[in-house]
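Engineer: the sequence and its predicted three-dimensional model are supplied below.
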Amino acid sequence: MDSTQATISIIKEMAAAMEEHRRSLTRLDSEIGDGDHGTNMHRGFQAALERLENTDPASPSDALKAVSMALIGKVGGAAGPLYGTAFLRASSALAGKEDVSAEDVADALEEALAGVKQRGKAEAGDKTMVDAMSPASEAAKEAAGSGSNVGAVFRAAADAAAEGAEATVPLTARRGRASYMGERAAGHKDPGAASTYLLLDAAARTLESSSGGS
Amino acid sequence: MVGLVLVSHSAEIAEGTATLVRQMAGEVEVAPVGGDSDGSLGTDPEGIQAAIEGMQADEVLVFVDIGSAVLSAETVVEMLTPELRERVRIVDTPFVEGAFAAGVLAQAGADAAECESAALESRTESKLHGET
């Protein structure tokens, strides 16, 4: 499978994950947010699938750009511009590359993280998707540095994101709607951190099922 | 003349604020963009982009209410052509008060910097002047 095809397969698996976990994400968001995260992410990734169909991307960068535009345009909540920016920065990081290496994936995740931090003015510990994305980026860099393949880099990132998402439970929020809730937000997992894990896990599973990726 | 784009989570808030501004500043170009692409509460970056690109005004000030309105407007501005981006500024003020102050100044022929500075005063201006 070439990198463009792999990217498209990953995006399809991400869309399936957002469909499958729509209710659980929305439930998390009802506890501390406005209760639309699952619905919004599902809607955004459905739009991303449509856009992939219509634009027929020629490179991994093009495919990620299509997802970005769909998420920015169709999600409706804060997750749209945030994830849209993440995919846009990842797309820019991979511009001009037909074959994506493990290092490229780690670089793209690092750029995505930088974009989300800039757009959301959030840092680690604010109880946001940064708390999943930041350890994921670190783990990806480490895995790529020690010679892992693309699939193993995504797996390392997903596992770190899962731990990072779990670690948001006791935190009080400093960004987003939950930040108005003060101590009341403690005891709940951040929905954005949870969806970040699900997306990275979908990427890892896609490549694992196609024998470890390229 | 300076034009205003008003980005709210709610179509009614965006429209209502535009009505308020137009009443005091009838010649100022005001474009309300409220709600998401389905007309529900939320924001619609494609709508925001279309509104900004459709403005006739030389300079455009964008007012935003809460949460994703801010993020969507910032994302859209980042994606504009460099020529257009130079003419567009997001103003960091309360939505209604800031847009109102900027509109009044724009009507009087002030440039974008003057309108923005008047709008920024609404961040600290007391409404009750200490008579609480």
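Structural biologist: Great, that's in hand.

Engineer: list of residues touching the worst-scoring helix or strand of chain B on mean pLDDT?
Structural biologist: Ranking every helix and strand in chain B by mean pLDDT, DSSP states H and E puts helix B:68-79 at the bottom, with a mean of 91. By Cβ atoms under 8 Å, 6 or more residues apart in numbering or on different chains, the residues outside helix B:68-79 that reach it are A:72, A:76-78, A:80-82, A:84-85, A:119-120, B:7-9, B:42-45, B:48-49, B:52, B:62, B:64, B:85, B:88, B:90. C-beta: built from backbone N, CA, C; applies to glycine.

Engineer: of those, which belong to strands?
Structural biologist: Among these, the residues falling in strands (DSSP state E) are B:7-8, B:62, B:64, B:88, B:90.

Engineer: before we move on, back to that, buried stuff in the least confident helix or strand of chain B?
Structural biologist: The neighbour-count check on helix B:68-79 (16 or more other Cβ atoms under 10 Å in any protein chain shown) flags B:68-77 as buried.

Engineer: now those as TSV including distance to residue A:55?
Structural biologist: Shown next, in TSV, are the buried residues of helix B:68-79 (distance: Cβ to Cβ, whole Å):
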residue	distance to residue A:55
B:68	25
B:69	28
B:70	29
B:71	24
B:72	22
B:73	25
B:74	25
B:75	19
B:76	20
B:77	24
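
Engineer: closest one of those to residue B:95?
Structural biologist: Among the buried residues of helix B:68-79, residue B:69 lies closest to residue B:95 (Cβ to Cβ), at 8.3 Å.

Engineer: now for residue 52: which residues touch it?
Structural biologist: As the question left the chain open, I've gone with chain A. By Cβ under 8 Å, 6+ apart, the contact set of residue A:52 is A:8, A:11, A:63, A:66-67.

Engineer: if you could check chain B rather than the one you did, that'd help
Structural biologist: Here residue B:52 is in contact with B:5, B:31, B:60, B:62, B:76-77, B:80, B:84, B:88 (criterion: Cβ under 8 Å, 6+ apart).

Engineer: likewise residue A:108?
Structural biologist: Neighbours of residue A:108 in contact, by Cβ under 8 Å, 6+ apart: A:64, A:89-90, A:93-94, A:100.

Engineer: for the lowest-mean-pLDDT helix or strand in chain A, the distance to its chain's centre please.
Structural biologist: Ranked by mean pLDDT, DSSP H and E, the weakest helix or strand in chain A is helix A:22-32, scoring a mean of 90. In this view, helix A:22-32 has its centroid 17 Å away from the chain centroid, taken as Cα atoms, centre = their mean, to the nearest Å.

Engineer: show me what that helix is in contact with.
Structural biologist: For helix A:22-32, contacts defined as Cβ under 8 Å, 6+ apart pick out A:18, A:35-39, A:41-42, A:173, A:177-178, A:181, A:184-185, A:188-191, A:194-195, A:198.

Engineer: list the buried residues in that helix.
Structural biologist: A:22, A:25-26, A:28-29, A:32.

Engineer: C-terminal to that helix, what's the next element?
Structural biologist: Once helix A:22-32 ends, the next helix or strand along the chain (criterion: DSSP states H and E) is helix A:37-55.

Engineer: that following helix vs helix B:68-79, what angle?
Structural biologist: If you take axes from the mean of the first three to the mean of the last three Cα atoms, to 10 degrees, helix A:37-55 sits at 20 degrees to helix B:68-79.

Engineer: so what's residue B:115 up against?
Structural biologist: B:2, B:61, B:101-103, B:105-106.

Engineer: please name the bridge partners of the spatially most central residue of chain B.
Structural biologist: For chain B, the residue sitting closest to the mean C-alpha position, by Cα atoms, centre = their mean, is residue B:63 at 2.7 Å. On the basis of DSSP bridges, residue B:63 is bridged to residue B:6, residue B:91.

Engineer: in the ones in strands among the contacts of helix B:68-79, find the pair that's most separated.
Structural biologist: B:8 and B:88 (17.5 Å).

Engineer: of the two, who's got more company?
Structural biologist: Between residue B:8 and residue B:88, counted using other Cβ atoms under 10 Å in any protein chain shown, residue B:8 has the larger neighbour count: 26 against 21.

Engineer: could you tell me which residues of chain B lie near chain A?
Structural biologist: Proximity of chain B to chain A (Cβ under 8 Å from any Cβ of the partner chain) is limited to residues B:36-38, B:40, B:42-46, B:67-68, B:71-72, B:74-76, B:79.
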